[in-house]
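Enquirer: Got a predicted structure plus its sequence, pasted below:
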Amino acid sequence: MGEITGAKTVESVAALGRSVLRFSWAATMFGAQQTVNMIGAAVGAESRASTAEAFDAVASAIEGQFGGVFRGAYRTAVERVPGLGPRTSGAGSTRS
């Protein structure tokens, strides 16, 4: 019985490792994409808005994963730190 539990533990740790690597790779690729978008944003307002919307979407997705004290801490900072909250003008902005 100990072997089954041990095998499941190894499988679980391996799955966690894969998830961490996928997250790291996705964050790297997102950063690279947004760097390219910011270079292009110097040319036009549409590119700047698109880049800002991409960052807002990722921030919202990450916020959705927070629970308990982390969600509270995040929301407190967003509400109280000037400039940290969502944009109040532009497409897709729904929060103030």
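Expert: That came in fine, so what should we check first? Numbering: from 1, shown residues only.

Enquirer: distance of residue 50 from residue 36?
Expert: Distance check for residue 50 against residue 36: by Cβ to Cβ, to the nearest Å, it reads 12 Å. (Glycine included, C-beta is placed from N, CA and C.)

Enquirer: likewise residue 21?
Expert: Distance check for residue 21 against residue 36: by Cβ to Cβ, it reads 23 Å.

Enquirer: swap in residue 48?
Expert: Distance of residue 48 to residue 36, computed by Cβ to Cβ: 13 Å.

Enquirer: one step back: who's more crowded, residue 50 and residue 36?
Expert: The residue with more neighbours, out of residue 50 and residue 36, is residue 50; 15 against 12, by other Cβ atoms under 10 Å.

Enquirer: quick one: that one and residue 37 touch, right?
Expert: Yes. Because the distance of 6.6 Å satisfies Cβ atoms under 8 Å, residue 50 is recorded as touching residue 37.

Enquirer: which non-adjacent residue is nearest residue 51?
Expert: Across the structure, with Cβ to Cβ, 6 or more residues apart in numbering as the measure, the residue nearest residue 51 apart from its sequence neighbours is residue 37 (4.2 Å).
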